[in-house]
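Colleague: Got a predicted structure here, sequence first:
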Amino acid sequence: MRRAITITELFLLTVALALEGCSQRHSGAITVDGSDTVYPLTKAMEDTFHQTNPGVRFNTQFSGTGGGFVKFCAGQVDIEGASRPINATEGAQCKANRVEYIELPVAFDSLSVVVNPRNTFVKCLTVQELKTIWRPEAEGHINNWQQVRATFPSEPLALFGPGRESGTFDYFTAAIVGKESSSRNDYSKNKDYTVVARGVESDPDALGYFGYAYYKANQDKLKLVAIDSGHGCVQPSPVTVANDAYQPLSRPLLLYVNLAASSRGDVREFVEHYLDLGSADTVSKVGYVPLSPAALALQNSRFEKGVTGSALGGHGSVVGIVLDWFNADDEDKIKAQLVQ
């Protein structure tokens, strides 16, 4: 014989079902691609988002900023993570495919140069020395540390870095060499920055570069190099990004959200979670610098209004952007700073 359910049991069951409904507000699948630099931040955001939305599934890849934009502008991806702004070619591809997008800065990165911990002589490099190492003319010629600085020992120079599909490659070459995608090719390249970090870790003569989060995840195995852009040696850190001292390798990280996908509840709530004030701790733990509360409020407003297009000019890597820019209360003020 079945036992009749009591009023207390019925009440507890009702509460449990209500709580389950609250904790699983959305379901569905969100597709994300793009930057290797943004990837660990997006994965961390997914983990915290799942706490209240366990029914939402993510298909998250990292094809590099450029590789991700190919898919995004073909309408194959809901969200693109980017370590540089969209460029004119990519914007034209999106337009041709009728893909409208919302551009949202979400954090700042201090792009980091690293060497092997057994390297005792490199503590700081000038922008000009980095250019000497990485410019196209260096290929096959600059292969010894003493060629970089006469006081360095005569030791072989082994280089590691991202490939050409990477937004970090684009930004680094623009900031250091002076022209986006202008670089020597005779170095060990990989789209997975964990592999790049492993290469520097395994070679005492190595030098490499990638986003700060990958240094932070491997800081016991790598040595950070300070950069001198003419005002003394400065190491990347939240402080030197916030006070604009770490130049020219400080840069914004962005999300591009497909406008059509943004109307879906799962995508909308995930992006709002990304831009929430409470997510600043996640940004910091991964290794990046959060936007200010005022800047986050402005990005939330852009997202809620569905403001499409690029506030950063649509020209790809923009060197010299500082954290305070995104406190501007309208897009025209940001664009005005681009042409100063």
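Modeller: Nice, thanks for sending it over.

Colleague: got the domain boundaries for the protein?
Modeller: The domain map for the chain lists 24-108+252-338, 112-235, with the assignment taken from automatic domain parsing.

Colleague: Helix, strand, or coil at Phe58?
Modeller: Local secondary structure at Phe58 is given as strand here, using DSSP: H, G, I helix; E, B strand; the rest coil.

Colleague: thought it was touching Val32?
Modeller: Yes - with contact defined as CB atoms under 8 Å, Phe58 counts as touching Val32 (6.4 Å). For glycine as for every other residue, the C-beta is placed from the backbone atoms N, C-alpha and C.

Colleague: if you count what's nearby, which of the two comes out ahead?
Modeller: A count of neighbours by other CB atoms under 10 Å puts Val32 above the other of Phe58 and Val32, at 25 against 20.

Colleague: quick check, the more buried one in a helix?
Modeller: No - going by three-state DSSP, the assignment for Val32 is strand, not a helix.

Colleague: which residues of the stretch 101-250 of the chain fall in helices?
Modeller: Remark: helices assigned in the stretch 101-250 of the chain by DSSP state H, counting those that start in this stretch are 127-134, 167-172, 193-202, 212-217, 238-242.

Colleague: Report the separation between Tyr168 and His50.
Modeller: In this structure residue 168 is Thr, not Tyr. 27 Å (CB to CB, to the nearest Å).

Colleague: higher neighbour count, those two?
Modeller: Taking other CB under 10 Å, Thr168 and His50 do not tie; Thr168 has more neighbours (28 against 13).

Colleague: list the contacts for the more buried one?
Modeller: 35-37, 65, 83, 111, 162, 193, 209-211 (CB atoms under 8 Å, 6 or more residues apart in numbering).

Colleague: Next, give phi and psi for the closest residue to Asn143 other than its chain neighbours.
Modeller: Of all residues not flanking Asn143 in the chain, Leu157 sits nearest, at 5.4 Å (CB to CB, 6 or more residues apart in numbering). Dihedral angles of Leu157 (phi, psi; degrees, to the nearest 10) stand at phi -110, psi 120.

Colleague: Name the residue closest to the centre of this structure, please.
Modeller: Closest residue to the average C-alpha location of the chain: Val38 at 3.2 Å, with CA atoms, centre = their mean.

Colleague: so Thr282 makes contact with Thr42?
Modeller: No - counting by CB under 8 Å, Thr42 is not a contact partner of Thr282; they are 10.3 Å apart.

Colleague: That's all I had, so thanks and see you.
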